Every structure is written in C-alpha cells, then in structure tokens.
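Sharing a model prediction with you, sequence too.
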Amino acid sequence: MGRSALGSSAQGDAATAEVARKRQQEEDAAILLVHLLISCANAIQAGDYAAATSNLAAARTALATTVSTAAGIGRVLSHFAAALAQRLIPAFPTQHGAAPNAASSAAHAGELYRQFYEAGPYLKFAHFTANQAILEAFDGCDRVHVIDLAIMQGVQWPSLIQAFSLRPGGPPAVRITGIGPPPTADGSRNELQEVGVRLAELARALNVPFSFNVVTADSLDALKPWMFQIVPGEALAVNSVCQLHRLLVDQDAASTSLPSPIDAVLGWVTALQPRVFTVVEQEADHNKPTLVERFINALFYYAAVFDSMEALSAQCLARTGRPATGGLGAEAYLQREIFNIVCSEGSGRVERHEPLILWHARLWRAGMWQMPVGPSALGQATALLRTFSGAGFRAHESGGCLSLMWHDQALFTSSVWRAAPPTNTAGGDGILDKQADNRKSSSGSSDQHQAAPGGIAMK
C-alpha cells in the first residue's frame, strides 16, 4: 500500500474517531442536563427554591452551550426547562394551569389540535379506531346518534359520514351531538355551529340524512342525560378522544358528598345506555401526586413523541423535499401539555394521563363492559399506519384494545365499551358473559389491581 493510501486511511480513521468523540460528548452533556432538570424538580418539590434556581441556571447554560435544542433530546429538554422556569416564576404552583403563551382561548386550542392532527398518525389513529368501532356497532341500524365529548373542529367525523354513505342498502339517518365551550362573549364566532355547517354540507353532498346538535358546557360533569334529547329507537354511541383524563382530580380534593367529575360523567354516560362507548387516551402515567414522578414519566413519554415527530419530518423531507405539515403547531400543542403537567397543581392540572390498566378498572367499576376490537381492526389500523411505518410506527393489539406504538413505546390506546346489560337479560353475549363471571368472582372489592374485564391482569 502506498504512502498516499496510508495517509488517506489514517485521516479517515481520525475523522471517524472525532465524530465518535463529539457524539459521546453530546450524550454525556444530555445525561448531565437530564440530571440537572430532575434535581431542579426535586428541589421544587422539597421547597428549596434556591437550589432549584441554581440547578435550572446550570441547565440553561448547558442548553445554550453544549446541548443543541434544534433537534433530538435537547429540543424536548428545552420545553421541560422552560416549564420548570415557569413554575419557579412566583416560586409557587399556579392553580389556573400555566401555559407557554397567553393565547389560551378555545379557538386557539382547537387550531393547535388541528395542527397536531395534521402532523402525524397520533389523532388519525385515535379517530380511525373509534370510528371503526362505531361503524361496526351501528351495522344494520337505520337511525344513529353520536355524542362527541369534545368535538373540537370536527375532523373526526367526515370519514365516518363517508363510510355511512357507502353502506350497502343506503346510509342511516345520522345525528351528531357536539359538546364544546360556549360561544365567545362578544358573539363574533360560534365555532360549534361552524363545525355543524361543514359536516352538514359534506353529508348533503354524499346524500346522507344528517342533523347536528350543539351542547355547550364549561365542564362535562355539569351535563345531564336529558340535554342530549335521546330519541327512542336510535342507536347511540358516545365518543371520547383524550378527554376523560381531564376529569380526574387529586384524591384529597374529592368531596365526600358529591361524586368526582369522572364519576359524574361516567354515571351519565352509563345512564344513556350507549350501544358503544369509544375511549382513546394517552398511554402514559402523568397523574402521580408528586412533581418528580410526573416529571420523570412525562420526560420519557414526550421524548418518544418528539422523537417520532422528528422521524416523520425527516421521512417527509426525504420523500417530498418539504417538512411535515403542522410541525410548529403540533409542538406547541405538546408544549401546552408539558407545561400543565409540570407547572400546575390542584384543579389547574388537567393533563392527568393514566395508563390503560387504570382506565380498565375505573370504567368497569362505573358499569361499563369491554368489547374487544373487531377482527379486522388491527389489520385496518396497520394499513392506516403503513405510510408512517418507515418512521417506526405500528399498531399493537393487547387485551382487546389497540395501541399506537412508536417502536416499543405505546403512545395512545383505544378501547371500546358498552353499558352493562340488564341483570335479568337471558342468553349469552360472549365477552360480556365472561366479564359477568369476573365481576361476580370479585364482588365486594373495589381494588383497582383486581382482574379486569377482557382478560387484562391488573398487576
């Protein structure tokens, strides 16, 4: 081998070694930054605001000098550092839900929701799995009614209306009731009515009989069954996408004389006796009583979500030459969740995400019965994710539920329920009979770690 070849080889080895050295330095700096942020959260929890301020200052220096915030772990850590800084501003937790900016109107929240929907498969997966369950539950029904606990901009329902329009024998008469906040005080905009107009125009174009009802409320637990004007003979579905966790409260805040918000809502949902109750929630554990536990759990969860968004953006850029749509709005949507988890306590903390294992127990105790996802649901969800699969997404079925996975991390889980049948109902009903056996065998126990319906073991 000649001298020039040997020289080139040595230069290549040196360059490779330098790249490896810099990568190791970045990893070490990121690990140190994580420790600084956790130490800051620990100090806040202990009431040592001087130590918290010192740790946060060191973390901010690292973000400014050694850890890039343009992408990777540095980007998500920058949001957690900003949340800790927000919490430290008055040195006391806020009771009204800190947000990264002043714009917190329902319209602004709805726009961020839309951009998060556009940014990836997260809400698309939620809407698809819920709609598929509703479509199957309404098979053969001539009049159907869907109550959406938070209709937002109505992006979930065009695909369901289109599916009804293609039904053999003709579409059913479709009624959708959208729940949302009251219109603006000055009356300048009524977003719920705008949603209804858009859906009605679509249904008219597809020849689907359609009506839209609006129920306004500042809180779901203030609603009553009579408000939904249920018509005898119509098949009913209740849909909740990432809403039930917002009804959870601190254990010591629960009144002994009144039901908690979650119990009140599940109570009136059960009273409505829906044919199907679709529930999609973040597969996360952000409702711990202590800040440090929430902070660590949220850090790992949102690191996975941000990682998946960056992979999607890179995939889209390679395929089309343009970054994925909705990126900044989607990031702002997630940032608001992070701030609420980290900054808020008491009634101001509404992003109280819990894992499926706890929702199973809670829904079961409320009188709900799990229905396993249909046999084709996994295959159809996989087909939906096929355009994203190169980035690392997949659908996973477990215990009759479907989860959206980012590699081995579950991000969202979809489950399907129905109100318990009357106790004097004769005849078998598959999984409902098995759940009845489970309920009888464990009667008298309200421990959330008991065996749950549908074969899920609470451990």
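Okay, I see it. Numbering: from 1, shown residues only.

give me the number of residues near Ala81?
Neighbour count of Ala81, defined by other Cβ atoms under 10 Å: 22. Quick note: C-beta positions are derived from backbone N, CA and C, even for glycine.

Also Asn239?
As a burial measure, Asn239 scores 28 neighbours (other Cβ under 10 Å).

which SSE is it in?
Element membership for Asn239 (DSSP states H and E) is strand 235-241.

which strands and helices sit next to that strand?
Strand 235-241 sits against helix 122-137, strand 143-148, strand 276-282, with contacts defined as 3 or more Cβ pairs under 8 Å, 6 or more residues apart in numbering; DSSP states H and E.

would you put the C-alpha positions of the last one in CSV?
Extracted in CSV, the C-alpha atoms of strand 276-282 (Å, rounded to 0.1, in the frame of the first residue of the first chain):
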residue,chain,number,x,y,z
VAL,A,276,-70.8,1.7,22.1
PHE,A,277,-68.6,4.0,24.1
THR,A,278,-65.2,4.6,22.4
VAL,A,279,-62.4,5.7,24.6
VAL,A,280,-58.9,6.8,23.4
GLU,A,281,-56.3,8.0,25.9
GLN,A,282,-52.6,8.7,26.1
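
what angle separates the helix or strand that comes right after it from strand 276-282?
Once the chain leaves strand 276-282, the next helix or strand it forms, by DSSP H and E, is helix 291-320. Orientation check (axes from the mean of the first three to the mean of the last three Cα atoms, to 10 degrees): helix 291-320 against strand 276-282 gives 100 degrees.

what angle separates helix 291-320 from helix 122-137?
Using the same axes, to 10 degrees, helix 291-320 lies at 90 degrees relative to helix 122-137.

list the buried ones in helix 291-320?
Going by neighbour count (16 or more other Cβ atoms under 10 Å), the buried part of helix 291-320 is 291-292, 294-299, 301-313, 315-316.

Look at Gln24 and say how many residues are nearby.
Neighbours of Gln24 (other Cβ under 10 Å): 10.

And it, how far from Ile31?
Remark: distance between Gln24 and Ile31 (Cβ to Cβ, to the nearest Å) = 11 Å.

How about Thr184?
Thr184 sits 47 Å away from Ile31, going by Cβ to Cβ.

try Thr61
According to Cβ to Cβ, Thr61 and Ile31 sit 16 Å apart.

do the same with Ile134
From Ile134 to Ile31 the distance is 46 Å (Cβ to Cβ).

ditto for Ser403
As for Ser403, its distance to Ile31 is 29 Å (criterion: Cβ to Cβ).

The two - which one has more neighbours?
Taking neighbours as other Cβ under 10 Å, Ser403 and Ile31 compare with Ser403 leading, 22 against 11.

Neighbouring strands of the helix or strand where that one lies in the sheet, and parallel or not?
For Ser403, the enclosing helix or strand under DSSP H and E is strand 401-406. Sheet pairing here is set by DSSP bridges, and for strand 401-406 it gives strand 393-398 (antiparallel), strand 409-419 (antiparallel).
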